[in-house]
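Participant: Return a 3D structure for these sequence lines:
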Amino acid sequence: QVQPVESGGGSVQAGGSLRLSCAASGYTSCTFRMSWYRQAPGKEREFVSEIDTGGTATFADSVKGRFTISRGGAKNTVYLQMNSLKPEDTAIYYCKTDLHYGFTPPCPRTTWGQGTQVTVSS
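Facilitator: Here you go, the predicted model:
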């Protein structure tokens, strides 16, 4: 199965911003809920944000008011706008898809991207 592809990670100073992108291409007959998770060194992977197919978004308490999530114009794309970044936001950020509508196969029920590194320096 094809993994979603993340981009937009990088290094930034505290207080800066980054925008992550994720595209789950190749599944034209599938519709996914899309979410972001992150994993810091030595810690477990944790939920960051999710957006459903209707555009309803949820956020972890740690990022509320600083991060926004939106769906792109292309099907099964999502953006994570991260503002007021803190050193504790440093992590690998992963995009996850969960099947909302479509038949399996060809639609995968859940997929994870390879991740993109975000580093915030103080």
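Participant: Do you know the pLDDT at the residue positioned nearest the centre of the chain?
Facilitator: In the chain, the centroid-proximal residue (C-alpha atoms, centre = their mean) is residue 36; its distance is 2.9 Å. With respect to pLDDT, residue 36 scores 98.
Participant: Looks like it contacts residue 21 (just checking).
Facilitator: No: the criterion here is C-beta atoms under 8 Å, and residue 36 misses it with residue 21 at 10.8 Å. Glycine gets a C-beta too; all of them are placed from N, C-alpha and C.
Participant: what do the two both touch?
Facilitator: By C-beta atoms under 8 Å, 6 or more residues apart in numbering, residue 36 and residue 21 have these common neighbours: residue 78.
Participant: Report how many residues lie close to residue 90.
Facilitator: By other C-beta atoms under 10 Å, the residues close to residue 90 number 18.
Participant: which ones are touching it?
Facilitator: Counting by C-beta under 8 Å, 6+ apart, residue 90 touches 40, 118-120.
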